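> kindly generate the corresponding structure for this input.
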Amino acid sequence: MQLILTPTAILTALLIFLVRVVSITMDTLRFMLTMRGKQGISWVLGFIESVLFVVTMGAVLNDLSNVLYVVGYSAGFATGNVIGMAIEKRLAIGFSHIKIITKQHGDAVAEALRKMDYAVTEIPARGKDGSVSLCDMSVRRKDVPAIEKLALEVDPEAFITVEDITPLRSGYWGTGSVRR
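So this is what the prediction gives:
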């Protein structure tokens with residue numbers, strides 16, 4: 001392998017990089033959407049990503065003597081992963097289960113969340129250092145940052161965990177309900 005720095009080689013490597021960024025971004029989104037049961041869009045993204053993969057891989061394999069193509073391909077892959085994760089996080093498709101554990105402010109946290117139209121189940125519990133309150137709720141993923149902020153405003157020492165979930169039945173999700 002050698003480094004060839006002609007304008008054509010540089011432009012080709014840049015094109016390989018950009019196409020690979022797009023294809024891996026799509027692949028990352030496809031994977032995340034597949035995990036959330038979005039079959040139609042996952043199929044479309046998978047199809048397009050496969051076409052882009054074949055094209056870029058063909059361009060790299062067509063001239064393996066130029067290390068710039070391999071670098072462009074690899075950098076595009078890594079960059080596409082990061083961009084795909086960032087886009088998926090911003091889209092926040094799906095639902096999350098949140099547990100908020102607080103030592104002294106369980107009622108206040110639950111009431112603040114209910115005032116914002118969230119359904120909260122309060123559960124008295126016992127932790128390592130004594131009695132605690134567990135506020136248990138399932139919400140849309142896009143609402144998680146607002147819930148975290150509100151809970152921490154009421155109790156800056158609250159312990160908060162979040163898990164992605166798939167609802168099995170309809171339920172109360174703020175101003176609407178989920179139908180399955």
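> quick one: the helices in this structure?
Counting by DSSP state H, residue ranges of the helices within the chain are 7-35, 39-62, 67-91, 106-115, 144-154.
> quickly note the distance from the residue nearest to the spatial centre of the chain to residue 32.
In the chain, the centroid-proximal residue (CA atoms, centre = their mean) is residue 89; its distance is 3.7 Å. Distance of residue 89 to residue 32, given as CB to CB, to the nearest Å: 9 Å. No exception for glycine: its C-beta is placed from N, CA and C like everyone else's.
> cool, residue 79 as well?
Relative to residue 32, residue 79 is positioned 17 Å away (CB to CB).
> residues near residue 13, how many?
Counted with other CB atoms under 10 Å, residues neighbouring residue 13 total 24.
> list the strands paired with the longest strand along the chain, with their directions.
When the chain is scanned for its longest strand (criterion: DSSP state E), the result is strand 130-140. Strand 130-140 pairs in its sheet with strand 95-102 (antiparallel), strand 121-127 (antiparallel), by DSSP bridges.
> what lies in contact with it?
Residues from elsewhere that reach strand 130-140 (CB atoms under 8 Å, 6 or more residues apart in numbering): 92, 94-103, 105-107, 109-110, 113, 118-126, 147, 151, 165, 167, 171, 173-174.
> okay, buried residues for that strand please.
The neighbour-count check on strand 130-140 (16 or more other CB atoms under 10 Å) flags 132, 133, 134, 135, 136, 137, 138, 139, 140 as buried.
> quick check: which ranges of the protein have low pLDDT?
For the chain, applying pLDDT under 70 flags the ranges 1-2, 168-171, 173-180.
> and it, what are its domain boundaries?
As given by automatic domain parsing, the domain ranges for the chain are 7-91, 95-165.
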